[in-house]
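Enquirer: The following comprises the amino acid sequence and a computationally predicted model.
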Amino acid sequence: MKIDETKIKTRFTFPAILAATVEKYGNSNALGFVDEKPLTYSEVGKRVNALIAMLEKLGIKKNDKVALLSPNMPNWGIAYFAITSMGAVVIPILNDFSVAEIENIISHSESKIVFVSKTLLPKVKYIDKSIINIMMDDFTLLKEDNRLFFEQDAICLNKYDIKEDDLAAIIYTSGTTGRSKGVMLTHRNICFTAYGGSLIQPMTSSDRFLSVLPLSHTYENTLGLILPVMFGAAVWYLRKPPTPSVLLPALEVVKPTVILTVPLIIEKIYFNKILPSFNGKFITKILYRMPPFRKLLNRIAGKMLKKTFGSNLKFFGIGGTKLNKTVEKFLMEAKFPYAIGYGLTEASPLLAGAPPFSSVLESTGPAMNGVSLKIISPDPKTGEGEIWAKGENIMKGYYKEPVLTSEVLTSDGWLNTGDLGVLDNKNNLFIKGRLKNIILGSSGENIYPEEIESVINNFRYVVESLVLEKKGKLIAMVHLNMEELEEKYNCLKEEFSRKFDDIIEEILNELKEYVNTRVNKNSRIQLVLLQKEPFHKTATLKVKRFLYY
């Protein structure tokens, strides 16, 4: 099904969308920090124009590259709209990239300016001195001979005719396979996806977003910034990382209607808070094993969980990687307004999704409006095959990488996602795993490590896990919740060196038995290893598997 563009009153470009929103919702709250006075859309529009005027004086022209390296803040969105509204190309950089990665991206993209926050300034200390640094916090120009200032009432000199197919952003993915690639996205790619998201979950100017994922990732950028701006909704940011002590008061203040997250967040809440509350008492532990009582207890827990999130939540988006099946079953029975989406940066990023209360267990839902999905070379027995996608949201290609582009994009516009999946008779998509992650068993069968990890992560003390093949054996690396173990085994504090190894060995053996009684014989693990430190992860909290192969 194609998106009916006759219902859209503006072009799919960032300046057109912002101008329409400023005109219609100028006095509405736009972007702000929690507990601080937010900017209205009229104020955002003025600051965008003023920043364009400043960039003009710095010599920025159409197709020039400008990088953003900063935590989430209102000025991030203002800089993003200013850069793209004058036809320049924005290069969002993930904050947790190393200095070497950042230098490589700035060099590879040929960025002329870097907007950098005060907190991340040390990461650009050694970049080419010809590149101009602007402080994201207040748009101060960081030059010794600085005579140019950001003037809030400045008016840009030029008029810019921005086309939908003009390049808007190059997103350098952190990925899980090592090498970063610059994904080229047009104005239309991103705006089309944002609008498509609104067809899954309608938005209004009364909606309130609480932004907790990095804006430099296309998931939060498209659906957590462009989508709310498109409909005049308010977006609130945190000044500190979203730890429980920071997040809980913010939820009470903002009372968000929309939050975008990754599975790890809600999985931690379930396994560290909700499940222990049921298992803490003998009677509830017994009752929780009986489906009718489990559903009742989950419903009660769901009401409490929604209250924790501010009571007004209508859309709790989950994307980035596969959600644990047990956790999803809890969310379903709790009648919590969760929604799972599937996509990748190359698709701006959304490809499939279903609204709250329409989810099918373990499915990402059907293709987004205007997107076509097909399964290539499906297995005759299971229907599983490579997922290919086509639509107005598919990237132009990888920047300066025509060979890599030709490997994933066909001449007629189909994107090979690199994921394996299956479509049911209602066109709901089920993701089986990454093609590159598949382990070939001794009898030639496909083994999906993500499915085994999902079972492992249900074990009480496991925080996260990684399943690999080494020398023909399936090995599970597990990171345990040491705080919970310390609470159970007080001896860890007093007699750590003497008893720690014995306790861990017992837990790992128990885990191995637990897993192998719940997976098919081809997926049974031969060895469980303790991963003492948390796994290194991408911006959407996917484990960087290539580091552990």
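Expert: It's in.

Enquirer: Could you identify the longest helix within the protein?
Expert: Across the chain, the longest stretch assigned as helix under DSSP state H is helix 496-516.

Enquirer: Can you give me the buried ones in it?
Expert: Using 16 or more other C-beta atoms under 10 Å as the test for burial, helix 496-516 gives 504, 507, 508, 511, 512, 515, 516. For glycine as for every other residue, the C-beta is placed from the backbone atoms N, C-alpha and C.

Enquirer: next one: stretch 44-63
Expert: By 16+ other C-beta under 10 Å, the buried positions in stretch 44-63 come out as 44-55, 60.

Enquirer: Stretch 301-321 now?
Expert: For stretch 301-321, burial by neighbour count (16+ other C-beta under 10 Å) applies to 301-302, 305-306, 309-310, 313-321.

Enquirer: What is the most widely separated pair among these?
Expert: 310 and 321 (25.2 Å; C-beta to C-beta).

Enquirer: For the chain, which helix or strand comes out least confident on mean pLDDT?
Expert: Ranked by mean pLDDT, DSSP states H and E, the weakest helix or strand in the chain is helix 491-494, scoring a mean of 54.

Enquirer: still on that earlier bit, so what touches whichever helix or strand comes after the longest helix of the chain?
Expert: Counting by DSSP states H and E, the next helix or strand C-terminal to helix 496-516 is strand 527-530. Residues outside strand 527-530 that contact it (C-beta atoms under 8 Å, 6 or more residues apart in numbering): 473-480, 504, 508-509, 511-512.

Enquirer: in the stretch 51-200 of the chain, which spans are strands?
Expert: Here the stretch 51-200 of the chain has its strands, by DSSP state E, counting those that start in this stretch, at 65-69, 89-92, 111-116, 132-135, 167-172, 182-186.

Enquirer: Make JSON lines from the ones you listed and add distance to residue 384, mean neighbour count and mean pLDDT to it.
Expert: Formatted as JSON lines, these follow (distance: least, C-beta to C-beta, whole Å; neighbours: other C-beta atoms under 10 Å; pLDDT from 0 to 100):
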{"stretch": "strand 65-69", "distance to residue 384": "39", "mean neighbour count": "26", "mean pLDDT": "98"}
{"stretch": "strand 89-92", "distance to residue 384": "34", "mean neighbour count": "25", "mean pLDDT": "98"}
{"stretch": "strand 111-116", "distance to residue 384": "41", "mean neighbour count": "25", "mean pLDDT": "97"}
{"stretch": "strand 132-135", "distance to residue 384": "49", "mean neighbour count": "20", "mean pLDDT": "94"}
{"stretch": "strand 167-172", "distance to residue 384": "29", "mean neighbour count": "25", "mean pLDDT": "97"}
{"stretch": "strand 182-186", "distance to residue 384": "26", "mean neighbour count": "23", "mean pLDDT": "97"}
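
Enquirer: Take these and write them to TSV, including distance to residue 457.
Expert: What follows is those, written out as TSV (distance: least, C-beta to C-beta, whole Å):
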stretch	distance to residue 457
strand 65-69	33
strand 89-92	30
strand 111-116	36
strand 132-135	41
strand 167-172	29
strand 182-186	29
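
Enquirer: Quick check: which of those is nearest to residue 213?
Expert: Nearest to residue 213 among the strands of the stretch 51-200 of the chain is strand 89-92; the distance by C-beta to C-beta comes to 12.4 Å.

Enquirer: Tell me how the chain divides into domains.
Expert: Listed domain ranges for the chain are 5-236, 258-311+313-436, 445-547 (source: automatic domain parsing).

Enquirer: now for these, which one comes closest to residue 244?
Expert: Per C-beta to C-beta, nearest to residue 244 of the domains of the chain: domain 258-311+313-436, 9.4 Å.

Enquirer: Thanks a lot, catch you later.
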